[in-house]
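# I need the structure of the sequence given here:
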Amino acid sequence: MLILPMILTGELFRAWRSCYEHPYVYRVLVFEAMATFIGQVSDLSLIALFGAATTAMVTTARKAVTLLLSYMIFTKPMTKQHASGLLLIAMGILLKLVLESAPNPESVGRKRNFQGPEVNKEKEEEEEEATPLV
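Here you go, the predicted structure:
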């Protein structure tokens, strides 16, 4: 999309010449492309395996840990708002984990529908085939 305006303004050729003069730029670009690819594949795999809600929770937790580490490494002052925000994020993640691990009250007391090992195995195979790999 931006190739035509870059050619018309001459920016493409100036950028190409600058990259030629500074070859480390190619290494940086390749590294960033590989890191982006790995990040996107990891994110999509998390969604496929655990669902969007869990992926959002993991992403939020990662951002909170990154923020906390930046305050520890670069010795920035942490205000009350920063601390309360991190505390709210941690409480939300813990609440989600506790609610997921609690037994479902509707399923307590119900008997399992046992149809024999052959039928259960066939159902498991059908569910496995329907589940996407990535």
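# ok, the spatially most central residue of the chain to Leu95 distance?
Note on the chain: the residue nearest the mean C-alpha position is Asp43, at 3.9 Å, using Cα atoms, centre = their mean. Asp43 sits 23 Å away from Leu95, going by Cβ to Cβ, to the nearest Å. In short, each C-beta sits where N, CA and C put it, glycine included.
# and if you look at Val28?
Val28 is 41 Å from Leu95, where distance means Cβ to Cβ.
# quick one: the helices in the chain, in order.
Per DSSP state H, the chain carries helices over the ranges 3-9, 11-21, 24-50, 52-73, 80-101, 117-130.
# what would those helices look like in JSON lines with mean pLDDT?
JSON lines is the format used below for these (pLDDT from 0 to 100):
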{"stretch": "helix 3-9", "mean pLDDT": "91"}
{"stretch": "helix 11-21", "mean pLDDT": "91"}
{"stretch": "helix 24-50", "mean pLDDT": "93"}
{"stretch": "helix 52-73", "mean pLDDT": "85"}
{"stretch": "helix 80-101", "mean pLDDT": "83"}
{"stretch": "helix 117-130", "mean pLDDT": "64"}
